[in-house]
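J.: here are the coordinates; sequence isn't available:
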């Protein structure tokens, strides 16, 4: 009897487990009708998915589906609902996507976690643990205290492995507009990984006027309809995209934002109204106090004298204020608009000693206005972001702020620029990434102008190499190397030398010397003008190399002292390019080498002159021998003329660099009759 009962219980348990497993398996497949559910159709779908995932595997993961829903109310509060499903395809995907990071601002936004789980084998749902959900401060907050309100919601997804699917959802309530009545939002449809399907919709009160801009998306794809919510009319905009390719990476490529598909939304429909709002915020922040007035007086004190009645040129006065400003205040930001568009009040920034781009600009303008100099903010889109587009009426386009000044020179007004964010640039010089870029100059209420900053010329960014020395009959070379850095090279070298000791500087000098004098002994070296940003940085090295030349019978063979610039080679490693080559600045590398040869000797062999010319670059090199002085003089120059090299020009650009470097690498000199003295 007991055995029969036991058998009945076991049988019942078996049936329960069987049906549970059956239902779980059934739930892992799409819902097909009986007519379509056949072996052939299922096999085709499986093979198609397998082939797609094989292509996607190199990216590590792909987005199966992403839904973004925006709801805008009459008070300009924007709620964003995001749900995403992402499939992991390799270890690369595990490393990159198993930690979900969602940035938000505690000052302007509230975030709400909705759900997160990992799906294994299409049937086992592993929910996220409560300890795996955290709100943390980003690492940059240590160096940029102005952004202390920026936080990250992090989700450490459980049991992530190849083939698993990460699912998560969250809500962000933008309860405080960055600018009054201003909502600015950009939704991206393309990423670094492929997207199978993405849906976007925006619901807003009917009658609201919006500025919409679609980048790399046809307007015909955007659907518009009227919906009723709580008996009130709303407009719904929606757009979907299927099978969006990943953005393919390449060195020196244009900013990704230029290549992405996206929709940009703004509640401002007029640049005049938007820039008036921003102008009002700057004017409020620019009011000086007695400490700022005192600072300005001390900065221009040395120019005040009885001979000129205390009057000096505005340009000199502005330069004096700027020089003291950049030595006193520290940039502590990562971009215009990250923490809202309201600059901090000038006295607050003055007392703190630091600020982000807009706050430092407001303080510098306050100082210049104290000295009766007309100054104003210029919002600029750097080379690191998308080019400025007048069709998108949004401050999100800009990532930097310059200070503009207008001086009257030779009977006409000339605009100049000051860069308040760095201690590496002298007055009226701006970084290369802000040269030749479009922006908006806010000249006052109802006064603004779209401007383009001056483009740099190659001579602004020069690396000038000079060598003067001698070589004796045994091949020992001695002399002085000097390298003069201008523009971007000076700024780069200064920043790399700021916080290193003498030994580390010596290692750096040896590394640079290795390009043209490997094995040479450094007797002494010195960096001139390291702390003076108004003068070009210069490196002077005294060298000696006992075994520089090779003696063979009556001939001495040696390589001319020409630097092999490996940095140029890095630009053209690729044979073909997918995108234009973005260098960011034009430049020149040039040099002059003077070598005293042994007495009574003459040149046995010298390479012929090099001349190469293309649309974007040119190269030149030549040596000559002065017999009466027994002196060898070599000069060379490589010039890159453009900020960017097109795909069509790249082939010639690459050929010129390769030919130039090969020529310099094999530039040997032969001197005869060296044993006669």
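T.: Perfect, thanks for sending it. Given the structure is predicted, the values throughout are model-derived calculations rather than measurements. Numbering: from 1, shown residues only.

J.: Give me the pLDDT value at the residue sitting nearest the centre point of the chain.
T.: The central residue of the chain, meaning the one whose C-alpha is nearest the mean C-alpha position (Cα atoms, centre = their mean), is residue 384 at 4.1 Å. Looking at residue 384, its pLDDT stands at 85.

J.: Am I right that residue 99 is in contact with residue 158?
T.: No: at 11.5 Å, residue 99 and residue 158 do not qualify as touching, with contact defined as Cβ atoms under 8 Å. All C-beta spots, glycine's among them, are computed from the backbone N, C-alpha and C.

J.: These two: which has the busier surroundings?
T.: Between residue 99 and residue 158, residue 158 has the larger neighbour count (other Cβ atoms under 10 Å), namely 17 against 13.

J.: Phi and psi next, for that one.
T.: Geometry field for residue 158 lists phi and psi as phi -80, psi 150, criterion degrees, to the nearest 10.

J.: who touches it in this structure?
T.: Residues in contact with residue 158 (Cβ atoms under 8 Å, 6 or more residues apart in numbering) are 117-118, 126-129, 132.

J.: What residue, apart from its backbone neighbours, is nearest it spatially?
T.: Take residue 158 and drop its neighbours on the chain: the residue closest to it by Cβ to Cβ, 6 or more residues apart in numbering is residue 126, 4.8 Å away.

J.: Tell me where the model's unsure across this structure.
T.: Along the chain, the parts satisfying pLDDT under 70 run over 1-50, 141-143, 145, 303-312, 674-677.

J.: Could I get the full set of helices for it?
T.: 2-27, 39-56, 91-97, 256-259, 271-285, 290-299, 314-328, 346-352, 357-370, 488-497, 502-513, 566-571, 647-665 (DSSP state H).

J.: Out of the ones you listed, which is the most enclosed?
T.: A comparison of those by mean neighbour count, using mean count of other Cβ atoms under 10 Å, puts helix 357-370 on top with a mean of 26.

J.: relative orientation of that one and helix 271-285 in degrees?
T.: 70 degrees (axes from the mean of the first three to the mean of the last three Cα atoms, to 10 degrees).

J.: Just want the angle from helix 357-370 to helix 290-299.
T.: Using the same axes, to 10 degrees, helix 357-370 lies at 70 degrees relative to helix 290-299.

J.: which residues are contacting stretch 236-246?
T.: Counting contacts by Cβ under 8 Å, 6+ apart, the residues outside stretch 236-246 that touch it are 59, 62, 189-204, 212, 217, 221-227, 261, 263.

J.: re the thing from before, among the contacts of residue 158, find me the one that's closest to residue 633.
T.: Checking the contacts of residue 158 against residue 633 by Cβ to Cβ gives residue 132 as the nearest, at 69.3 Å.

J.: and the closest one, how far is that from residue 154?
T.: 8 Å (Cβ to Cβ, to the nearest Å).

J.: same check, this time on residue 213
T.: In this structure, residue 213 lies at 32 Å from residue 154, with Cβ to Cβ as the measure.

J.: Between those two, which is the more surrounded one?
T.: Neighbour count, other Cβ under 10 Å: between residue 213 and residue 154, residue 213 has more, with 19 against 14.

J.: Which residues does the more buried one form beta bridges with?
T.: Beta bridges link residue 213 to residue 264, judged by DSSP bridges.

J.: How about residue 330?
T.: residue 354.

J.: Test my guess that it contacts residue 352.
T.: No: at 9.1 Å, residue 330 does not count as touching residue 352 under the criterion of Cβ under 8 Å.

J.: Please enumerate the shared neighbours of these two.
T.: In the contact map built from Cβ under 8 Å, 6+ apart, no residue is linked to both residue 330 and residue 352.

J.: ranges for the strands of the stretch 401-550 of the chain?
T.: When assigned using DSSP state E, counting those that start in this stretch, the strands of the stretch 401-550 of the chain occupy the ranges 412-418, 438-444, 447-452, 462-471, 477-485, 521-528, 537-545, 550-552.

J.: Show me the contact partners of the shortest one.
T.: With contact meaning Cβ under 8 Å, 6+ apart, strand 550-552 is reached by 473-475, 556-558, 674.

J.: From the residues you listed, list just the buried residues.
T.: Buried members of these, counted by 16 or more other Cβ atoms under 10 Å: 473, 475, 556, 558, 674.

J.: Tell me the one of the residues you listed nearest residue 532?
T.: The shortest distance between residue 532 and any of the buried ones among the contacts of strand 550-552, using Cβ to Cβ, involves residue 558 and amounts to 36.8 Å.

J.: distance of that closest one from residue 608?
T.: Residue 558 sits 18 Å away from residue 608 when distances are taken as Cβ to Cβ.

J.: ok, now residue 165?
T.: Using Cβ to Cβ, we find residue 165 at a distance of 65 Å from residue 608.

J.: of those two, who's got more company?
T.: Residue environment comparison for residue 165 versus residue 608 gives the larger neighbour count to residue 165, 18 against 9, counting by other Cβ under 10 Å.

J.: how about the more buried one, what does it touch?
T.: Contact analysis of residue 165 by Cβ under 8 Å, 6+ apart lists 64, 85-88, 118-119, 122.

J.: rerun that using 6 Å as the cut-off
T.: Under the criterion of Cβ atoms under 6 Å, 6 or more residues apart in numbering, the contact partners of residue 165 comprise 87, 119.

J.: do residue 264 as well
T.: For residue 264, counting by Cβ under 6 Å, 6+ apart, the contacting residues are 186, 213, 392.

J.: Tabulate those in JSON lines, adding columns for distance to residue 591.
T.: Compiled in JSON lines, the contacts of residue 264 are given as follows (distance: Cβ to Cβ, whole Å):
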{"residue": "186", "distance to residue 591": "47"}
{"residue": "213", "distance to residue 591": "48"}
{"residue": "392", "distance to residue 591": "46"}
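
J.: And those residues, which is closest to residue 578?
T.: Closest to residue 578, out of all of the contacts of residue 264 and judged by Cβ to Cβ, is residue 186, at 24.1 Å.

J.: what's around the closest one, how many residues?
T.: Using other Cβ under 10 Å, residue 186 has 18 neighbouring residues.

J.: now swap in the one 4 residues further on and tell me
T.: Burial measure for residue 190: 21 neighbouring residues, criterion other Cβ under 10 Å.

J.: Could you check how far residue 413 is from residue 405?
T.: Residue 413 sits at a distance of 10 Å from residue 405 (criterion: Cβ to Cβ).
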